[in-house]
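# Could you work out the structure for the sequence below:
(2 chains)
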Protein chains: 2
Amino acid sequence: MSVSLPLKHITLIGVGLIGGSFVLDLKRLGLVERVAGVDLSRDNLERALERKVIDEAFTEISEASIGNADLVLIATPVSTLPQICRAIKPFLRQDTLVSDVGSTKQSALAAFESYLPEFLPNCIATHPIAGSDRHGALAAQFGLYQDKKLIITPHGREQAGGIERVEALWQAVGAKTFRMSAAEHDAIFAAVSHLPHLLAFAFVHEMFDHPDGQRFLQFAASGFRDFTRIASSHPAIWTDICMANKNSLLGLLSGVEAQLAVLRDMLEKGDTAALYRYFEEAKNTRDEWLKGQ
Amino acid sequence: MSVSLPLKHITLIGVGLIGGSFVLDLKRLGLVERVAGVDLSRDNLERALERKVIDEAFTEISEASIGNADLVLIATPVSTLPQICRAIKPFLRQDTLVSDVGSTKQSALAAFESYLPEFLPNCIATHPIAGSDRHGALAAQFGLYQDKKLIITPHGREQAGGIERVEALWQAVGAKTFRMSAAEHDAIFAAVSHLPHLLAFAFVHEMFDHPDGQRFLQFAASGFRDFTRIASSHPAIWTDICMANKNSLLGLLSGVEAQLAVLRDMLEKGDTAALYRYFEEAKNTRDEWLKGQ
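Prediction:
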């Protein structure tokens, strides 16, 4: 049997910005009756209950937390997906949808295929593009997904209507939905998200390592602030993402190393015309992108 | 004779965000009677006149544009400072203060020493820390310098009270003033400003060069937007800054290359614990900095 909108019961595993904001909107829209939250942190669960992000709280995956769910939404760091799939398996019904919101999708499909093979038709891999350096239940907010993108990466064995059902929920909270292969997804987000995070962490780490770094930082201003905002992101989440997508990332890192070698050469030679052209090409690329937003 | 506050006449060479915002506030505070603007762009001068950033407009350095100035403020790309010093020299009075607002200060002192040796006691090198990716007369705004930093890099031969007079003007528009050597200044701003600009340009240029770059950019979101904001900066201004400060910059670039090599190694080895610690150190450094702002 398929689940139809509205849902009776969602179980959210990992009650933070991404999953919490999703269920807040679904509740406001009357598209879900009841949300159970599963989280390792009792403190975080308390806050989620207070803010009415969730209606009941569990610190464990169990019949009580999973058995009633029409949709189990997994919103934890990507490295935990295999163990969560294994843990929820005994409590899934034949019609329970399982969906994740992780930032790397080849690893998500691998986890579903390895640990929930009998339930693969129920598994829908998604990635909402609404990151933030904020996290935890207190970061959950209404309207987070309005006009944001939601990527679905089908594995091809989804049950009839399964993808559409999950898509409809995301569309209801304002997202524009896209479908693509997990490999393409991972190549794209390595480039526009994972690589900038890596570079921001690397740049700030250079300040951390430099003997005069603390003195330097006293004079850092708005350019530094914006450039490094993503270096305030959650280290565990980003360790997972970078490791899960390291193949795409390492290729792009070679590209950046080549860019830096070109820049070094221009600076050493004092090739002002070439440096100007390089900066101009980058500026134009970024300005064109911004116009399209 | 020394100039005392308020000033009768300022000539601003280069009518953009930095100089324009400064004189807007000085006029509002009644600290200057009349501002002349010198700019290569008639169009920019027209806009500056309309917005009352300046009271009279000139496209050339001449007796008419410079001769009446109590303060000549040079706010053009840093590479132009030598030629501007040479050009203004015939029109300076014995008591005319000359000040620049460029982002590299060793190059500024070198220009003053080489091209205005007789007027060196009149020359005060400054750097207001209030950059933006916006530029031109239309970017000029009231209050830009409130609670911003203003660095003065003395050459040591300033006339008595000269530094204090320029400091007082910047303090009047809200800036906190600091003094340091030009070499220290350049090391600091290579780290917290010039290097991030170089990295942001390099990252966007990687998208420009990559065969799938345009596809990637369709899915870029807020992390990308903030990380690359400074890659929309003016290419000519930043070519000049990077070339003028290339020695500091090349040293720091080696540091970043070393950081990327460390990251590559952790990713290739799958050393999750080390990558987590690295990200955490960077996040803590950035979060501590942010708390101090």
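# Quick check: phi and psi on the residue nearest the centre of chain A?
In chain A, the residue lying closest to the centroid (C-alpha atoms, centre = their mean) is residue A:103, at 3.8 Å. Per-residue torsions, residue A:103: phi -80, psi -10 (degrees, to the nearest 10).
# List the residues that contact it.
Residue A:103 is in contact with A:78, A:127, A:131, A:189, A:193-194, A:237, A:241, A:245, counting by C-beta atoms under 8 Å, 6 or more residues apart in numbering or on different chains. In short, each C-beta sits where N, CA and C put it, glycine included.
# Near chain B, list only the ones from those.
A:131, A:189, A:193 (C-beta under 8 Å from any C-beta of the partner chain).
# Helix or strand: which one has the closest residue to the last one other than its chain neighbours?
If I follow you right, that is residue A:193. Distances taken as C-beta to C-beta, 6 or more residues apart in numbering or on different chains put residue B:223 closest to residue A:193, at 5.7 Å, once the chain neighbours are dropped. Assessed by DSSP states H and E, residue B:223 sits inside helix B:222-227.
# quick one: the helix or strand following that helix near chain A?
Sequence order places helix B:235-244 as the next helix or strand after helix B:222-227, per DSSP H and E. Yes: Helix B:235-244 lies within reach of chain A by C-beta under 8 Å from any C-beta, at B:235-236, B:238-239, B:242-243.
# where do the strands sit along the stretch 151-293 of chain A?
Assigned by DSSP state E, counting those that start in this stretch, the strands in the stretch 151-293 of chain A fall at A:176-179.
# So what does residue A:149 have for phi and psi?
phi -100, psi 150.
# Provide a list of residues in contact with it.
Residues near residue A:149 by C-beta under 8 Å, 6+ apart: A:128-129, A:175-178, B:219, B:221.
# circling back to that earlier point, ok, so what distance separates the residue nearest to the centre of chain A from residue B:71?
According to C-beta to C-beta, to the nearest Å, residue A:103 stands 53 Å off from residue B:71.
# again, but for residue A:242
Distance, residue A:242 to residue B:71, using C-beta to C-beta: 52 Å.
# can you check residue A:260 too?
41 Å.
# Look at the two and report which has more neighbours.
For residue A:260 versus residue B:71, the count of surrounding residues by other C-beta atoms under 10 Å in any protein chain shown is larger for residue B:71: 24 against 20.
# Could you look up the SS state of residue A:107?
The three-state label given to residue A:107 by DSSP: H, G, I helix; E, B strand; the rest coil is helix.
# Tell me the residues of the stretch 1-150 of chain A that contact chain B?
Contact residues (C-beta under 8 Å from any C-beta) of the stretch 1-150 of chain A with chain B: A:79, A:129-132, A:148-149.
# List phi and psi for the nearest residue to residue A:6 once chain neighbours are set aside.
Among residues not flanking residue A:6 along the chain, residue A:31 sits closest, at 4.4 Å (C-beta to C-beta, 6+ apart). Main-chain dihedrals, residue A:31, degrees, to the nearest 10: phi -90, psi 0.
# Same question for residue A:34.
Residue A:34 adopts backbone torsions of phi -150, psi 140, taken as degrees, to the nearest 10.
# Who does it form a beta bridge with?
Counting by DSSP bridges, residue A:34 is bridged to residue A:9.
# show me what contacts it?
A:8-10, A:55-56, A:68.
# Helix, strand, or coil at residue A:61?
Reduced to three states with three-state DSSP, the structure at residue A:61 is coil.
# Pull up the gap between it and chain B, please.
Using C-beta to the nearest C-beta, to the nearest Å, we find residue A:61 at a distance of 23 Å from chain B.
# cool, and residue A:222?
Residue A:222 sits 7 Å away from chain B, taking C-beta to the nearest C-beta as the criterion.
# so where do the helices sit in the stretch 151-293 of chain A?
A:162-172, A:182-189, A:195-209, A:213-217, A:222-228, A:235-244, A:246-269, A:272-291 (DSSP state H, counting those that start in this stretch).
# Tell me which of those helices is the most buried.
Ranked by mean neighbour count, these are led by helix A:195-209 with a mean of 25 (mean count of other C-beta atoms under 10 Å in any protein chain shown).
# and it, what other elements does it pack with?
Helix A:195-209 sits against helix A:213-217, helix A:222-228, helix A:235-244, helix A:246-269, helix B:195-209, helix B:222-227, helix B:246-269, helix B:272-291, with contacts defined as 3 or more C-beta pairs under 8 Å, 6 or more residues apart in numbering or on different chains; DSSP states H and E.
# Which one of the ones you listed lies nearest to residue B:63?
helix B:246-269 (36.7 Å; C-beta to C-beta).
# Any part of that closest one near chain A?
Yes: counting by C-beta under 8 Å from any C-beta, chain A is contacted by helix B:246-269 at B:246, B:249-250, B:252-253, B:255-257, B:259-260, B:263-264, B:267-268.
# can you list the domains in chain A?
Domains of chain A are assigned by automatic domain parsing as A:7-180, A:184-291.
# Turn the ones you listed into a markdown table, including mean pLDDT and distance to residue B:46.
Formatted as a markdown table, these follow (pLDDT from 0 to 100; distance: least, C-beta to C-beta, whole Å):
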| stretch | mean pLDDT | distance to residue B:46 |
| --- | --- | --- |
| domain A:7-180 | 96 | 38 |
| domain A:184-291 | 97 | 24 |
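# The stretch 1-150 of chain A: helices as residue ranges?
A:17-28, A:42-50, A:63-66, A:81-88, A:106-115.
# That concludes my questions; thank you for your assistance.
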